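# Here is a sequence with its predicted model. Questions after.
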Amino acid sequence: MKKVITPMTITAADSNSRTISGRIVTFEETGNASIGKVQFAKGSIEATSVLLNLEHDRTRRIGKTLSIESSEEGIDATFKIAQTTAGNDALVEAQEGLRDGFSVEVSFDEYETLKDGTVRILAGELTAVALTSEPAIRSARVESVAATEENEVSDSTIEPEVTPTTEGDEVDNTVAQAEAVETVEAAKSVTAQSNNVGGWKATPRIEITAAKYLENKVLAATGDETARQYVLAADNTTDNAGLVPTRQLTEVINGLGTRIRPSIDAISSGALPDAGMTFEIPKITQMPTVAVTAEDAAFSDTDQNSAFLSVDVKKFAGQQKFSVELLTRTSPLFYDELLRNMGAAMAKAQNAYVNGLLISGATLDGTTVATYPTATELLGIISRGSASVYGATAGLPNPFARNLIASTGQWANLMTLNDAGRPIYSQVSNPMNQPGVAVPTSLTGNVAGLNLYVDPTNGGDGDGTLLVVNPDAYTWYEGTQYQLRAESTADGSITVGIYSFGALATKIAAGAFKNNKA
């Protein structure tokens, strides 16, 4: 059996008999309920006596049905309000229009779904009614509120003194009741002068507790408008600062962790062998010879030699140690972000390793230039480097330099190079004879025909901050990244480690050419 909570609106409140009356259900009118749009068919709900709760909290019952009647239009009911603090507040709030809505709780099995998604209930059982702040069906309002009943005493009024009796004593009840009424009426007069109504304080209260806030937060997420209003009120209640939550977004600000690896991206890549801390690659060290020979002369002597290039496998590893409480009693976001950051640290370490080897093994330019070259000096570096790389890698299938790795300092200089004030490498458009693109919004681009890779690992301005590279002369071999997790029962801590293996094969050292700072 399904259940729906549909708010209606109170249309009246009588201040003389401690009753609240109004329409609790309007047939054939669409409203927003806990399950979305809802409509009750005529006669779909039987008018039965139920309890009146405050904001659908069944632990906060403030009244019960005094009368209930069904008609063609809907169901009207009158509720007797209990003489409690919550009941007193409910009467005041209904009179002042602060909480003047009815919301019905209905269990149902028979229904149909209309084209617009509205659930039209055909038969259901009324299980409870709540006094709410905002109804979903606009016509369900309080019609009358009766706050006091003749000769009725509120819990908050002054109780008359009653003389105790002993067995056999006879007391004139009529006189005692009359005295009690006079005492109560006098108390009402005094309290009314201090901004009270009928013996109770007229200032309505929003009862905010951590449990109630959580309950209404969940209901609000399902579309309950009354619960949403409660949460809004709680969030703006300055005298309950401990219950006004501080939102924490799932967004994490992290300006430190990045997984980019420009130097690795600028060279070729391969799969790491499945075992061993070294591996070997056959390499031709001497080519066979062919020469012009005379007729009937012997062939040119052929002597091809080879050797094995030994490549070291390196381990990259890091760890973090933290308490069990930090892992198990905090948001899962902590662990997710930790692993992301450790992965970023891994990428940074691998890239720095490769960048360092490329610089150390590259051919040093024979011409010195300024710390940050001019446009002419830059073209000189690229032209000399391209020729040097081609000469060293001529035996490769693709012997040409294709990439330029620049430090962030050199990247900044590239964007300043200009021709009579017109930027050379930072033009947005690409007209004919465009020399390339180097812009602040990308770490990749093109400079004088070479693919640009900006490597933040190298932020300096010395030798090797400009590298002209044939990517086929170097290969980065990488294996699977692993995670370790070890729990220490001795001190109640958890250690999370991350590690991977990688190897850089320098197949032809002269496959890179570096600037020579003056």
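All right, it came through fine. All values reported here derive from a predicted model rather than from experimental measurement.
# Can you tell me which helices and strands whatever helix or strand residue 311 lives in packs against?
Counting by DSSP states H and E, the element that carries residue 311 is strand 305-312. Judged by 3 or more Cβ pairs under 8 Å, 6 or more residues apart in numbering; DSSP states H and E, strand 305-312 is in contact with strand 278-286, strand 493-506. In this view, the C-beta of every residue, glycine as well, is placed from N, C-alpha and C.
# Just send those strands back as TSV, with mean pLDDT too.
Formatted as TSV, the helices and strands packed on strand 305-312 follow (pLDDT from 0 to 100):
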stretch	mean pLDDT
strand 278-286	90
strand 493-506	91
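# Buried residues, the strand holding residue 311. List them.
For strand 305-312, burial by neighbour count (16 or more other Cβ atoms under 10 Å) applies to residue 311.
# go on, stretch 92-104?
Residues 92-95, 99-104 are the ones in stretch 92-104 that count as buried (16+ other Cβ under 10 Å).
# wait, which of those residues is closest to residue 273?
Residue 273 lies nearest to residue 103 out of the buried residues of stretch 92-104, by Cβ to Cβ, at 69.2 Å.
# rewinding a little: by how many degrees do the strand holding residue 311 and strand 493-506 diverge?
Angle between the axes of strand 305-312 and strand 493-506 is 160 degrees (criterion: axes from the mean of the first three to the mean of the last three Cα atoms, to 10 degrees).
# How about residues contacting strand 305-312?
Strand 305-312 is contacted by residues 277-286, 477, 503-505, 507 when judged by Cβ atoms under 8 Å, 6 or more residues apart in numbering.
# That strand: partners in the sheet, and parallel or antiparallel?
strand 278-286 (antiparallel) (DSSP bridges).
# Residue 467: what's it in contact with?
358-359, 362, 404-406, 512-514.
# which residues sit against the helix or strand following the strand holding residue 311?
Downstream of strand 305-312, the next assigned helix or strand under DSSP H and E is strand 314-323. Under the contact criterion Cβ under 8 Å, 6+ apart, strand 314-323 has outside partners 338, 342, 345-346, 349-350, 353, 484, 492-503.
# what residue ranges in the stretch 251-400 of the chain are flagged as low confidence?
Applying pLDDT under 70 to the stretch 251-400 of the chain flags the ranges 331-332.
# let's see 80
For the stretch 251-400 of the chain, applying pLDDT under 80 flags the ranges 251-258, 324-336.
# need the helices for it, in chain order.
262-265, 324-328, 332-361, 375-392 (DSSP state H, counting those that start in this stretch).
# following the last one, which helix or strand comes up?
Right, the one you point to is helix 375-392. Taking DSSP H and E, what comes next after helix 375-392 is strand 403-407.
# Mind listing the residues bridging to residue 514?
Beta-bridge partners recorded for residue 514 (DSSP bridges): residue 364, residue 467.
# ok, it to residue 476 distance?
Distance, residue 514 to residue 476, using Cβ to Cβ, to the nearest Å: 19 Å.
# And stretch 511-518, what's buried?
Buried positions in stretch 511-518, judged by neighbour count with 16+ other Cβ under 10 Å: 511-517.
# go on, stretch 454-471?
Buried residues in stretch 454-471 (16+ other Cβ under 10 Å): 454-455, 457-458, 461, 464-471.
# Is it possible to get JSON lines of those that adds secondary structure, pLDDT and distance to residue 294?
Converted to JSON lines, the buried residues of stretch 454-471 look like this (DSSP: H, G, I helix; E, B strand; the rest coil; pLDDT from 0 to 100; distance: Cβ to Cβ, whole Å):
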{"residue": "454", "secondary structure": "strand", "pLDDT": "93", "distance to residue 294": "57"}
{"residue": "455", "secondary structure": "strand", "pLDDT": "93", "distance to residue 294": "55"}
{"residue": "457", "secondary structure": "coil", "pLDDT": "83", "distance to residue 294": "58"}
{"residue": "458", "secondary structure": "coil", "pLDDT": "79", "distance to residue 294": "56"}
{"residue": "461", "secondary structure": "coil", "pLDDT": "83", "distance to residue 294": "58"}
{"residue": "464", "secondary structure": "coil", "pLDDT": "92", "distance to residue 294": "50"}
{"residue": "465", "secondary structure": "coil", "pLDDT": "94", "distance to residue 294": "54"}
{"residue": "466", "secondary structure": "strand", "pLDDT": "95", "distance to residue 294": "50"}
{"residue": "467", "secondary structure": "strand", "pLDDT": "96", "distance to residue 294": "47"}
{"residue": "468", "secondary structure": "strand", "pLDDT": "97", "distance to residue 294": "43"}
{"residue": "469", "secondary structure": "strand", "pLDDT": "97", "distance to residue 294": "44"}
{"residue": "470", "secondary structure": "coil", "pLDDT": "97", "distance to residue 294": "39"}
{"residue": "471", "secondary structure": "helix", "pLDDT": "96", "distance to residue 294": "44"}
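# Reformat those residues into CSV and put distance to residue 303 next to each item.
Formatted as CSV, the buried residues of stretch 454-471 follow (distance: Cβ to Cβ, whole Å):
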residue, distance to residue 303
454, 45
455, 42
457, 43
458, 42
461, 46
464, 36
465, 41
466, 39
467, 35
468, 33
469, 32
470, 27
471, 31
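# From the residues you listed, pick the one nearest residue 270.
Nearest to residue 270 among those: residue 471, at 12.0 Å, using Cβ to Cβ.
# thinking that closest one is in contact with residue 405, fair?
No - with contact defined as Cβ atoms under 8 Å, residue 471 does not count as touching residue 405 (10.3 Å).
# Mutual contacts of the two, please.
residue 266.
# For the helices of the stretch 251-400 of the chain, could you give me JSON lines that also reports distance to residue 45 and mean neighbour count?
As requested, the helices of the stretch 251-400 of the chain are exported to JSON lines (distance: least, Cβ to Cβ, whole Å; neighbours: other Cβ atoms under 10 Å):
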{"stretch": "helix 262-265", "distance to residue 45": "68", "mean neighbour count": "23"}
{"stretch": "helix 324-328", "distance to residue 45": "48", "mean neighbour count": "13"}
{"stretch": "helix 332-361", "distance to residue 45": "44", "mean neighbour count": "17"}
{"stretch": "helix 375-392", "distance to residue 45": "83", "mean neighbour count": "18"}
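# Go through the ones you listed and name the closest to residue 43.
Among the helices of the stretch 251-400 of the chain, helix 332-361 comes nearest to residue 43, with 50.2 Å by Cβ to Cβ.
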